[in-house]
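Asker: Need coordinates for the following:
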Amino acid sequence: MSKLPKIVLLACCVIAAVYFLLSLVGQIQVSISSDETSEIQHKIVYKTESEKAFPRAKLTANAQRGKCKKQLPQAIIAGHLKSGTGALVEFLNEHPQISSSNIRTDVQFFNKFYVSRGIRWYQSIMPCTFKNQITIEKTAQYFSYPKVAERIRTINTTTKIIIILKDPVKVAVSLYAMWREHKSNHAHEYTFERMISKTNGTTFEIDPNSKIIKLCSYVQNMKQWLQVFERTQVLILDGNSFDDHPAGTLKDVEKFLNVKHFFDTDHFVFNSTKGKYCFRRWNGKVRCLPEGKGRPHPKLNANVIQTLTDYYKPMKKILFKVINQTLW
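Answerer: You can find the predicted model right below:
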C-alpha cells in the first residue's frame with residue numbers, strides 16, 4: 001500500500017483534533033467569564049409563558065462574547081423609607097434586562113459617600129452589564145436628603161428616578177417598629193405615641209418636629225426632586241398598591257425603563273406568615289425577602305391612628321397636586 005493515503009489520513013486526524021481543541025477552548029473561555037456574566041447567563045434561562053416570548057437571543061450572544069462592563073446607574077430607586085424599596089429592587093433584579101448594584105442593601109453613595117469615596121468607587125460596585133441592559137441602584141434615604149437630587153443630576157442629567165411612597169400613617173408605624181428592633185432613635189425607650197406627640201402631659205397632640213412625623217411629610221422633599229428633574233424623568237409609585245399587586249406596579253416600571261415585558265402575576269407567591277409577596281423563578285424555587293421584612297408592628301389605639309390620619313390629610317392633598325397623581 002502507498003504511504004500517501006496514510007499521510008492524508010493522518011493529516012485529516014490532526015486537523016480534526018485541532019478543530020476539537022479550538023472549540024473546547026472556546027467553551028472554556030465562556031465558562032470562565034466574570035461572575036457577573038455567569039449571573040446574567042443564569043438570568044437568561046426562563047420557562048413561563050411570558051418568558052418564552054421574551055427575546056433572549058441578543059442577551060445570550062452578548063453573554064457568550066463576555067462584552068459586559070460596569071456602568072453608572074441609568075435609574076435610581078430614591079426612596080422612600082419603609083415603602084417597599086427593598087422588595088422593588090429585589091423583584092426588578094429578576095428581570096433579564098435589569099441588574100442592580102452589587103451591594104444588596106442601601107448604597108448610600110449620594111448622601112453618605114459622595115465626597116469620601118468618589119465616583120470611581122460608585123462605579124466599581126455596579127454589576128457588569130451589556131448595552132441592552134439597565135443598571136439600577138437603590139437607597140431609600142435619598143428621598144429625604146436635600147443634596148442628593150442635585151448630585152445625581154451633576155453626574156448624569158438623563159438618570160431616571162423611581163420613588164415609591166406609602167400612606168404616611170403606615171410608614172410612621174413601620175419606622176417605629178424598625179427603630180425599636182434596632183434600638184435606634186430612642187424607639188426602644190419610648191412608646192410610639194410618645195415618639196410622635198408633644199409632652200404636655202394632658203392631651204395627645206402630634207409634634208410636627210418629631211423625626212417620624214417629619215420623615216412622613218413628603219411634600220417638601222418631593223418639591224425638591226421635581227425642581228431638579230423633569231416630571232417625565234420621575235416615576236412615582238403607590239407603595240400600598242405594590243404591596244397588594246406587585247405585578248401591576250412592576251409593569252409600570254418596565255414601561256418607564258423601556259424594557260421588555262417580563263413580570264406576570266404567576267411570578268408571585270404570597271407569604272401569609274410575613275404578609276409579603278415572594279418571587280417564583282422558572283425552576284419553581286421561591287425567593288422571599290430577608291428576615292427583617294414583615295416585622296410585627298405595635299398595636300395602636302384607634303384614636304391615635306385617626307389623629308395621625310387627620311394630621312396628614314391636608315398634606316396628602318397638597319402632595320397629589322404637586323405630583324399631579326393620586327396615591328393610596
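Asker: so where's the protein uncertain?
Answerer: Scanning the chain for pLDDT under 70 picks out the ranges 1-66, 200-202, 291-294.
Asker: tell me the domain ranges of it?
Answerer: What automatic domain parsing lists as the domains of the chain is 3-32, 43-323.
Asker: Please spell out which residues along stretch 112-121 are buried.
Answerer: For stretch 112-121, burial by neighbour count (16 or more other C-beta atoms under 10 Å) applies to Tyr114. Every C-beta, even on glycine, is put in place using the N, C-alpha and C of the backbone.
Asker: try stretch 72-82
Answerer: By neighbour count with 16+ other C-beta under 10 Å, stretch 72-82 contains the buried residues Pro73, Gln74, Ala75, Ile76, Ile77, Ala78, Gly79, His80, Leu81, Lys82.
Asker: out of the domains of the chain, deepest packed?
Answerer: The highest mean neighbour count among the domains of the chain, using mean count of other C-beta atoms under 10 Å, belongs to domain 43-323: a mean of 17.
Asker: Any idea how far that domain is from the middle of the chain?
Answerer: Offset of domain 43-323 from its chain centre (C-alpha atoms, centre = their mean, to the nearest Å): 6 Å.
Asker: Bridged to Ser197, which residues?
Answerer: Beta-bridge pairing for Ser197 (DSSP bridges): Ile206.
Asker: Check the gap between it and Leu308 for me.
Answerer: Per C-beta to C-beta, to the nearest Å, Ser197 is found 10 Å from Leu308.
Asker: next one: Val219
Answerer: From Val219 to Leu308 the distance is 16 Å (C-beta to C-beta).
Asker: And Phe110, by the same measure?
Answerer: Distance, Phe110 to Leu308, by C-beta to C-beta: 30 Å.
Asker: hey, where'd the helices end up in this structure?
Answerer: For the chain, helices defined by DSSP state H occupy the ranges 3-31, 35-44, 49-52, 57-65, 85-92, 118-124, 148-155, 168-182, 192-196, 211-215, 219-228, 239-244, 246-257, 302-323.
Asker: which other residues reach the fifth one?
Answerer: Outside helix 85-92, the residues that touch it by C-beta atoms under 8 Å, 6 or more residues apart in numbering are 77, 79, 98, 100, 136, 138, 140, 162, 164, 237, 242, 246, 249-250, 253, 263, 276-277, 279, 287, 289-290, 293.
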